[in-house]
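Asks: Prediction below, plus the sequence it came from.
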Amino acid sequence: MFNPLNITIVFVCFLVLKLITEIFLEIKNKLYIQSHKLTVPKQFQDKISNEEHQKAANYSTAKINTGLFFLVLNTLIFLGWTLGGGLAFIDQLARNFLWDAQPLGPIMVGVIFFTLFAVISTVIGLPESYYNTFVLEEKFGFNKSTVKLFILDNIKGLILGGVIGLPVAAGILWIMEFLGSWWWAYAWAFLTTVQFIMLFAYPILIAPLFNKFTPLEEGEVKDRIEALLKRIDFCSKGLFVMDASKRSSHGNAYFTGFGKNKRIVFFDTLIKNLLPGEIEAVLAHELGHFKKKHIVKMMIKSLVLSFIGLYILGQLYDLQVFYLGHGATYKSSYMALTLFAMVASTYTFLLTPLFAWFSRKNEFEADRFAAQYSNASDLISALVKLYKDNASTLTPDPLYSAFYHSHPPATTRVNHLEQLASRNLQS
């Protein structure tokens, strides 16, 4: 029953199902947005003009059209890597490397394999990244990046991936090669440790490589934020403004780090476009995720899923049909990791709406928290400005939104906040 041909047939069936579902949902979303293009939803009619609403619809449509093209293209590239023999080809290249006329060990071969794969994948992905940045985002007035910055970001990403990723990959390969049949459990413990180290290291070592962070200036915004932090008993190591405007005009706020190393970061575009009360409300929402344990729950979910994934890979590791059925030629630790990471999403795609539902549930809870510790009306006005400034569609297709979106649709979210604001006034 489990022969390479059967595995390949099952793989292709899942991939075709995934592709058809994605295309269907994208086209359905596009048609829905276009059909509601001329009418602003009732609760936004006094806040967003017809022109702004139509710009958002056109922007969403353009992103969908671009996304559909690259969806098909990337699926073909994915098939090229797997059943087309791309992974098998760079595997052979890596195996042919010699040192002092001697073949390399499996760990060094794996490091070379990962390096080749990362560089080739980055190069293949450049056209899509370039088009989205300098054609699509430029057309709608969002792009602030330059070609020089674009190139530097990609180079930095590759170097950072090499400096951090390759040693981690080598550590996993060593575990797989030398720690026996329970290697997957040790690999999970190793990766978990690395993830926690990265949570501490990212704010102070990695993020500054790509953006400049300056302390939030004295004034009403800082006073309101510090008062909010005191009300909810949140300890932060600093309030910072990030120069996001050098790449995009989109706005956001977030906190990063872990434990005593937590930092609150505002995009400079957010500081520029929102009023102090609105900034406070946006941050209250983000802090609601922390106080409601959403961050911890997400980490636990990630750890559980990675444990399950590595356990499954541990069962597949010695099965030659797993490799042959997905286009690889030889069994190896590095091929097992790469192949599993690539094909797993094809088999788990239909779980997407479940994860999206949990995420939307958390967003509602964070909104309730924000309404409790700040002003719900300020959060509504902030969201309206963000929808407007980011040209986010107010009318996504309901099925598409239920399947993909991590945040509730604009109308649903604003209705919920208006109810919270009304209750606060009554109390």
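Replies: Yes, it's here. Just so you know, these numbers come straight off a predicted model, no measurement behind them.

Asks: Okay, now the unreliable bits of the stretch 101-250 of the chain?
Replies: 101, 249-250 (pLDDT under 70).

Asks: And the helices in it?
Replies: With DSSP state H, counting those that start in this stretch applied, the stretch 101-250 of the chain shows helices at 106-131, 137-139, 147-160, 166-178, 183-201, 220-232, listed in chain order.

Asks: So for the last one, what gets flagged as buried?
Replies: The neighbour-count criterion (16 or more other Cβ atoms under 10 Å) identifies 221, 224, 225, 228, 229 as the buried residues of helix 220-232. No exception for glycine: its C-beta is placed from N, CA and C like everyone else's.

Asks: The fourth one contacts residue 281, correct?
Replies: No: using Cβ atoms under 8 Å, residue 228 is not in contact with residue 281; the gap is 9.2 Å.

Asks: between those two, what contacts are shared?
Replies: residue 374 (Cβ atoms under 8 Å, 6 or more residues apart in numbering).

Asks: can you pull the contacts of the nearest residue to residue 214 once chain neighbours are set aside?
Replies: In space, and not counting its chain neighbours, residue 214 is closest to residue 241: 5.4 Å by Cβ to Cβ, 6 or more residues apart in numbering. Residues near residue 241 by Cβ under 8 Å, 6+ apart: 213, 214, 215, 216, 217, 265, 266, 267, 268, 271.

Asks: so of those residues, which ones are in strands?
Replies: In this view, these that belong to strands under DSSP state E are 213, 214, 215, 265, 266, 267.

Asks: From those, pick the one nearest residue 145.
Replies: residue 267 (14.3 Å; Cβ to Cβ).

Asks: burial count for the closest one?
Replies: Burial of residue 267, expressed as a neighbour count using other Cβ atoms under 10 Å, amounts to 21.

Asks: And it, what's its pLDDT?
Replies: The confidence metric pLDDT takes the value 87 at residue 267.

Asks: about what we covered before: among the contacts of residue 241, name the buried ones.
Replies: Using 16+ other Cβ under 10 Å, the buried ones in the contacts of residue 241 are 216, 265, 266, 267, 268, 271.

Asks: and the third one, bridged to which residues?
Replies: For residue 266, the beta-bridge partners are residue 241, residue 253 (DSSP bridges).

Asks: Next one: it from residue 146, what distance?
Replies: Taking Cβ to Cβ, to the nearest Å as the measure, residue 266 falls 23 Å from residue 146.

Asks: still on that earlier bit, farthest pair in the buried ones among the contacts of residue 241?
Replies: When these are compared pair by pair using Cβ to Cβ, the maximum separation belongs to 216 and 267, at 11.9 Å.

Asks: Give me the helices and strands touching whatever helix or strand residue 284 lives in, please.
Replies: Residue 284 is part of helix 276-291 when elements are defined by DSSP states H and E. Contact partners of helix 276-291 among helices and strands, from 3 or more Cβ pairs under 8 Å, 6 or more residues apart in numbering; DSSP states H and E: helix 220-232, strand 253-256, strand 263-267, helix 268-273, helix 352-373, helix 376-389.
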